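K.L.:
just need the structure, nothing else, for what follows:
(one chain, ligands or ions: 2)
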Amino acid sequence: MKYRFALLAVAASLFVPACAQVQVLLPTSGELQATLALAGDAKRGKEAFGECQTCHRRDASGRSSGGIPRLSGQHASVIIKQLMDIRSGARINPEMKDYVLEPELTLQHFADIAAYLSSLPIVGTLGRGPEDLVPRGRALYVRDCAGCHGEQGEGRAELFHPMLAAQHYSYLLRELLAIRDGTRGNSNAAMAHLLKNYSPDDQRAVSAYLAQLPPPSRP
Ligand code: HEC
Ligand code: HEC
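P.N.:
Ligands and ions are numbered 1, 2, ... in the order given. Model prediction:
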């Protein structure tokens with residue numbers, strides 16, 4: 001049911017002007033649909049996340065250097081999609097691939113981990129970018145990105161659009177380059193196209209703006 005809703009929402013979004021010429025990457029793998037359909041248990045998810053803490057930290061706040069994202073507070077649908085994409089190789093992540101291919105991890109574990117992470121408060125030290133570029137970043141974000149990632153950088157769970165507010169500056173910058181150059185693998189074509197026109201200062205500015213946005217309030 002959830003998946004069908006997502007498809008309808010995607011179809012609907014094609015009529016939203018800001019997302020008009022957009023190729024939305026639809027979930028294609030059966031594993032993704034199956035995992036989205038499972039009820040996640042945050043308590044079990046906490047246990048399953050044990051292996052992941054070495055990189056993502058115990059509070060899932062990630063690291064301000066080294067490209068390790070904050071996962072706390074991220075939409076469960078986004079976490080599940082990214083994990084399934086990393087498993088299938090659609091998203092290129094050699095550092096993590098072995099961890100998500102552990103034979104004892106079932107789809108239920110991934111649903112549990114997503115429930116746990118999305119329920120966590122956003123705490124810890126989050127890397128910031130250059131303050132002087134924030135106003136420029138805000139203007140770029142409002143023009144190019146808010147239509148998909150939301151006015152407060154809150155993302156859109158039903159469309160698998162990640163929350164970007166309060167993410168580490170260095171991770172955001174790294175993803176922008178990977179998305180632009182196609183080395184992330186699962187990047188959205190519309191985003192890559194937009195980012196081709198961004199100067200290095202534009203890339204830093206939009207990342208600095210997002211990193212300093214407060215965590216969006218959740219319903
Ligand atoms: C060896 C370090 C390492 C371990 C262990 C690790 N990760 Fe990661 N993870 C990363 C890195 C690095 C990235 C970002 C890669 C990139 O730039 O695309 C990432 C990205 C992610 C993302 C995508 C986040 C986003 O915003 O798109 C999720 C979800 C995730 N990890 C969950 C997990 C889970 C769950 C585990 C345990 C099963 C785990 N990770 C174990 C290093 C690690
Ligand atoms: C058409 C909708 C759309 C637009 C416009 C868009 N994005 Fe995205 N963005 C996405 C989707 C979808 C993903 C997740 C990609 C995937 O899973 O295939 C994403 C992922 C990201 C990520 C990676 C987040 C993470 O946690 O790993 C960053 C950073 C990002 N977008 C920044 C931007 C910026 C900056 C802009 C404006 C220049 C922008 N996006 C415009 C849809 C969009």
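K.L.:
pretty sure Asn188 contacts Gly182?
P.N.:
No: judged on Cβ atoms under 8 Å, Asn188 makes no contact with Gly182 at a distance of 11.0 Å. C-beta here means a position set from N, CA and C on the backbone, and glycine is covered the same way.
K.L.:
which of the two has more neighbours?
P.N.:
Under the criterion of other Cβ atoms under 10 Å, the comparison of Asn188 against Gly182 puts Asn188 first, with 17 against 12.
K.L.:
any idea how far ligand 2 is from that one?
P.N.:
The gap separating Asn188 from ligand 2 is 4 Å, by Cβ to the nearest ligand atom, to the nearest Å.
K.L.:
and stretch 33-48, which residues are buried?
P.N.:
Judged by neighbour count (16 or more other Cβ atoms under 10 Å), stretch 33-48 contains these buried residues: Thr35, Leu36, Leu38, Gly40, Asp41, Ala42, Arg44, Gly45, Lys46, Ala48.
K.L.:
what helix or strand is the nearest residue to Glu131 once chain neighbours are set aside on?
P.N.:
Sequence neighbours aside, Ala208 is the residue nearest to Glu131 in space, at 7.2 Å (criterion: Cβ to Cβ, 6 or more residues apart in numbering). If you go by DSSP states H and E, Ala208 is part of helix 200-212.
K.L.:
so is that helix next to ligand 1?
P.N.:
No: Helix 200-212 stays clear of ligand 1 (Cβ under 6 Å from any ligand atom), getting no nearer than 12.1 Å.
K.L.:
that helix near ligand 2 anywhere?
P.N.:
Yes: looking at helix 200-212 against ligand 2 by Cβ under 6 Å from any ligand atom, the contacts come from Val206.
K.L.:
counting contacts, what elements does that helix pack onto?
P.N.:
Helices and strands touching helix 200-212, as assessed by 3 or more Cβ pairs under 8 Å, 6 or more residues apart in numbering; DSSP states H and E, comprise helix 134-144, helix 169-181.
K.L.:
buried residues, it. List them.
P.N.:
Asp202, Gln203, Arg204, Ala205, Val206, Ser207, Ala208, Tyr209, Leu210, Ala211, Gln212.
K.L.:
and this structure, which residues reach ligand 2?
P.N.:
So the chain meets ligand 2 at 19, 22, 25, 69, 81, 144-145, 147-149, 160-162, 164, 172, 175-176, 186-188, 190-191, 194-195, 206 (Cβ under 6 Å from any ligand atom).
K.L.:
quick one, which of these are buried?
P.N.:
Buried members of these, counted by 16+ other Cβ under 10 Å: 19, 22, 25, 69, 81, 144-145, 147-149, 160-162, 164, 172, 175-176, 186-188, 190-191, 194-195, 206.
K.L.:
with that, I have no additional questions.
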